[in-house]
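# Quick one, fold the following:
(chains A and B, ligands or ions: 2)
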Amino acid sequence: MELLRFTTAGSVDDGKSTLIGRLLYDSKSIFEDQIEAVKKSSERKGLTHVDLSLLTDGLRSEREQGITIDVAYRYFATPKRKFIIADTPGHIQYTRNMVTGASTANLALVLVDARHGVIEQTCRHSFIASLLKIPHVIVCINKMDLVDFSEQAYNKVVEEYEAFASKLDITDIRYIPISALNGDNVVNRSENMDWYKGASLLDTLETIHISSDQNHIDARFPVQTVIRPHQDEYHDYRAYAGRVAGGIFRTGDEVTVLPSGLTSKIKSITTFDGDIDEAFSPMSVSINLEDDIDVSRGDMIVKTNNEPEVGQDLNVLLCWMATKPPRPGAKYYLKSTTNEVMAIIKEVTYKININTMEKLDEDTSIKMNDMAMVKMRTTRPLVYDEYRKNRITGSLILIDDTTNETVAAGTIHS
Amino acid sequence: MSKYYLTHLQELESEAIYVIREVVAQFDRPAILFSGGKDSIVVTHLARKAFYPARIPMPLIHIDTGHNFIETMEFRDNLVDELGIQLIVGSVQTAIDKGRAVEEEGINASRNELQIVSLLDAIEENKIDAAIGGARRDEEKARAKERFFSHRDDFGQWDPKNQRPELWNMFNGHKRMGEHFRVFPISNWTEMDVWNYILHENIPIPSLYFAHEREAVYRDGTWLPNSEFLVLREGEKIEKKRMRFRTLGDITITGGIESDADTLEKIVEEISATRSTERGNRSDDKRSDTSMEDRKKQGYF
Ligand SMILES: Nc1nc2c(ncn2[C@@H]2O[C@H](COP(=O)(O)OP(=O)(O)OP(=O)(O)O)[C@@H](O)[C@H]2O)c(=O)[nH]1
Ligand SMILES: [Mg+2]
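Ligands and ions are numbered 1, 2, ... in the order given. You can find the predicted model right below:
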């Protein structure tokens, strides 16, 4: 079975958590004691219907306020696929949590309230999905029950979204009219909208083609740690442990270790279940080299003649996640793959108005939830790819060295 | 479909191995929290795979409530022998004797919450800076909010409203002196995944998970095993049942289910047909709507 990771997106109260609750419920992934607990909580809150959002809004403060604050992860499987869902908050104050959920997703469900159409937060989240290079987007036009299941209302939202999405870098966008509350077109095709000829949401999730989303061309292996058994039978054994971040490695391949530039050949690829001939992303393996060269955590093993960039000056699109703005001239830990170096933000090239996607080069002060293109300089050379080429070797986070907080997420542009 | 793709179990395995290796690379004194339950057994198995052919480069920590299943203890000792690694035991009884913890009283008394004290003591005494656990996000709604790398302050507490964002596959393990991390490599696994994986890998698990005859009493919708700690309530009687356990913990709070599943295949089949969660049989979670969140904030597993 294949694994599909998806995230929800859209404005507050557009029905994201309710939709996830509905998907879980209608696909029979909810256990009886869970649904009993939700029924009781709904009654206590004085509701006449069962509030399915309570299935994912698990924290005390979320249940009290009826909103999602932090990402919740949920799981379900059908005979065709296994799904990992990140249910993210719609509130602008928690945009960073939406970015978190989106960073590992292959698909985004963007919810739009059929009554309100495409609004600021819809655009903001779609833009983030596009910046994070989520390959597939399904726009769910929700609350169709509140617009009499009208085809015109649906078409109007689709037109609005298409007009806006033409400016985005998302190739696969689909539209489905739904009612998360009542379940129309979620798992089962709706009887209230016979004008809609497409598949239900679950059908779409089960069949969307995802196996070509992985980069199997550019072989990248960030070294996590060195395996050196202190046991006599493995006296000279030394292997490099890591998870393939792109491409395919085979025994006998000529490889280069970066940033040092030393070269060798792959002697063997080891796993607990035996040696294997080839390893591809996202497999965790360990690699033994023919030559005894210096390799350690933070280095990247790549195929010779297909090499990533190595450099100290980067153009990075940052999403600022901390409440405090960046301190001028301050050093941050920069983490990318398994490497960690110190870095400074030299200059803010421009900020992006995420509602209009305009570049702002006058006001360049960075605040929480802002997206900005910056020039960074690292203390030591970094090995990286452009983010559009590889989401793993092209991403980074910044850590404040005084508070230890993760203060920013970044995608490398050059 | 191309041959270059992983099944969901292979992908979950690869992710967990990646996380465990990150822990060993980023921390000085990591450890695995070993409860004797299937999840911590799977985590230990994954750790073995992560560093093969070397030994697991960290000890196991077991919090001993003093209310154990004998089978769990035997299993633990055999496993530690086989792996050739150190076992650290944190004893709730010792904590009570020293006055660090106070035994609960009353009919529902359990030592479940007292484990928090012994766990935090064991972490502090052994200067553990990262404790790897087998908790999964699908177990409980507060756990659904957990990070892979979950930061704890110097009182061992969790602040669910102020968690570090976790992006792509980069884990921020930076901390101050005295603080530590809890790390959950199988966060993304479901109960079904765990069982399918145990079946696929043929991982040994305690006999308690398989159907067997046992004396038990029916209480709060579950079969509570007879033990020297069990106090019968009015009208309750001990019966002999063919049963098994879906989760293992302290013997006083772990309820079993009636079952004939005596092989891994039958267990997988039984679980795919059940309509209630595994923690539904744990009285500790039934105390209130947010009892897991409250315990986790204090430093629970
Ligand atoms: N009538 C109707 N109401 C809906 C529908 N979907 C959701 N709602 C209601 O809309 C409200 C908000 O739903 P949530 O699921 O909490 O919204 P959300 O998008 O998760 O909100 P945040 O996570 O806080 O951003 C709730 O009262 C739902 O019952 C729908 O299809 N029809
Ligand atoms: Mg929500």
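# Please make it C-alpha for all contacts and neighbour counts, starting now.
Fine.
# which ones are touching B:P225?
Going by Cα atoms under 8 Å, 6 or more residues apart in numbering or on different chains, B:P225 touches B:214-217, B:251-252, B:254-256.
# what does the domain assignment say about chain B?
By the assignment in automatic domain parsing, chain B contains the domains B:8-193+B:289-298, B:206-285.
# Could you tell me whether A:F127 really is in a helix?
Yes: counting by DSSP: H, G, I helix; E, B strand; the rest coil, A:F127 is found in a helix.
# how about A:T402, secondary structure?
A:T402 - assigned by three-state DSSP - is coil.
# quick one on the thing from earlier: from the contacts of B:P225, which ones fall inside strands?
B:214-217, B:256 (DSSP state E).
# tell me the SS of the closest residue to A:G117 other than its chain neighbours?
Closest residue to A:G117 apart from its sequence neighbours, by Cα to Cα, 6 or more residues apart in numbering or on different chains: A:V157 at 5.3 Å. The three-state label for A:V157, taken from three-state DSSP, comes out as helix.
# which of the contacts of B:P225 are close to chain A?
The subset of the contacts of B:P225 within reach of chain A, by Cα under 8 Å from any Cα of the partner chain, is empty.
# on that earlier part again, what's the most buried one of the domains of chain B?
Of all those, domain B:8-193+B:289-298 has the most neighbours on average by mean count of other Cα atoms under 10 Å in any protein chain shown, namely a mean of 19.
# Nearest to ligand 2, out of the domains of chain B?
In terms of Cα to the ion, the element of the domains of chain B nearest to ligand 2 is domain B:8-193+B:289-298, at 12.8 Å.
# list the contacts for the nearest residue to B:V268 once chain neighbours are set aside?
Using Cα to Cα, 6+ apart and skipping the chain neighbours, the partner closest in space to B:V268 is B:W195 (6.1 Å). Counting by Cα under 8 Å, 6+ apart, B:W195 makes contact with B:264, B:267-268.
# center of chain A, which residue is that?
Against the mean C-alpha coordinate of chain A, by Cα atoms, centre = their mean, the closest residue is A:S103 at 2.0 Å.
# Roughly how far does that one sit from A:D14?
To A:D14, A:S103 is 21 Å away according to Cα to Cα, to the nearest Å.
# what does A:E191 give?
Taken as Cα to Cα, the span from A:E191 to A:D14 is 22 Å.
# the more surrounded of the two?
A:D14 (24 against 10; other Cα atoms under 10 Å in any protein chain shown).
# That one is in what secondary structure piece?
In this assignment (DSSP states H and E), A:D14 forms part of neither any helix nor any strand.
# How about A:V310?
strand A:309-320.
# Check which residues of that strand are buried.
With burial defined by 16 or more other Cα atoms under 10 Å in any protein chain shown, the residues of strand A:309-320 counted as buried are A:310, A:313-320.
# one step back: ok, which pair from the contacts of B:P225 is furthest apart?
The largest separation in the contacts of B:P225, counting by Cα to Cα, is between B:R214 and B:T252 at 14.5 Å.
# Ligand 2 contacts on chain A?
With the criterion set to Cα under 5 Å from the ion, chain A comes near ligand 2 through A:17, A:68.
# Outline the domain layout of chain A.
Using automatic domain parsing, chain A is parsed into the domains A:2-207, A:220-303, A:309-412.
# Same list (those domains) but as CSV, adding distance to ligand 1 and mean pLDDT.
As requested, the domains of chain A are exported to CSV (distance: least, Cα to the nearest ligand atom, whole Å; pLDDT from 0 to 100):
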stretch, distance to ligand 1, mean pLDDT
domain A:2-207, 3, 89
domain A:220-303, 31, 95
domain A:309-412, 16, 93
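# and B:I238, which of these is closest to it?
domain A:2-207 (25.8 Å).
# is chain B contacted by the strand holding A:V310?
No: no part of strand A:309-320 sits near chain B under the criterion Cα under 8 Å from any Cα; the closest distance found is 11.2 Å.
# Quick one: residues contacting residue 182.
Going with chain A. A:N182 neighbours (Cα under 8 Å, 6+ apart): none.
# Chain B is the one I meant
Applying Cα under 8 Å, 6+ apart, the residues contacting B:R182 are B:130-133, B:148-152.
# now do 6 Å
B:130-132, B:150 (Cα atoms under 6 Å, 6 or more residues apart in numbering or on different chains).
# so which of those residues comes closest to chain A?
Relative to chain A, the closest of those is B:S150; by Cα to the nearest Cα it sits at 12.3 Å.
# Where does that closest one sit, in terms of helix or strand?
Going by DSSP H and E, B:S150 is in strand B:149-152.
# so the closest residue to ligand 2 within the stretch 51-200 of chain A, which of the three states?
Sorted by distance to ligand 2 under Cα to the ion, the residues of the stretch 51-200 of chain A start with A:T68, at 4.2 Å. With three-state DSSP as the basis, A:T68 sits in coil.
# Make TSV out of the contacts of B:W195 and add pLDDT.
Listed next are the contacts of B:W195 as TSV, based on pLDDT from 0 to 100:
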residue	pLDDT
B:L264	94
B:I267	91
B:V268	90
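# Mind checking which of the residues you listed land in helices?
Assigned to helices by DSSP state H, the following of the contacts of B:W195 qualify: B:264, B:267-268.
# mind listing the helices in the stretch 151-300 of chain B by residue range?
Applying DSSP state H, counting those that start in this stretch to the stretch 151-300 of chain B gives helices spanning B:191-201, B:264-273, B:291-298.
# Cool, thanks, talk later.
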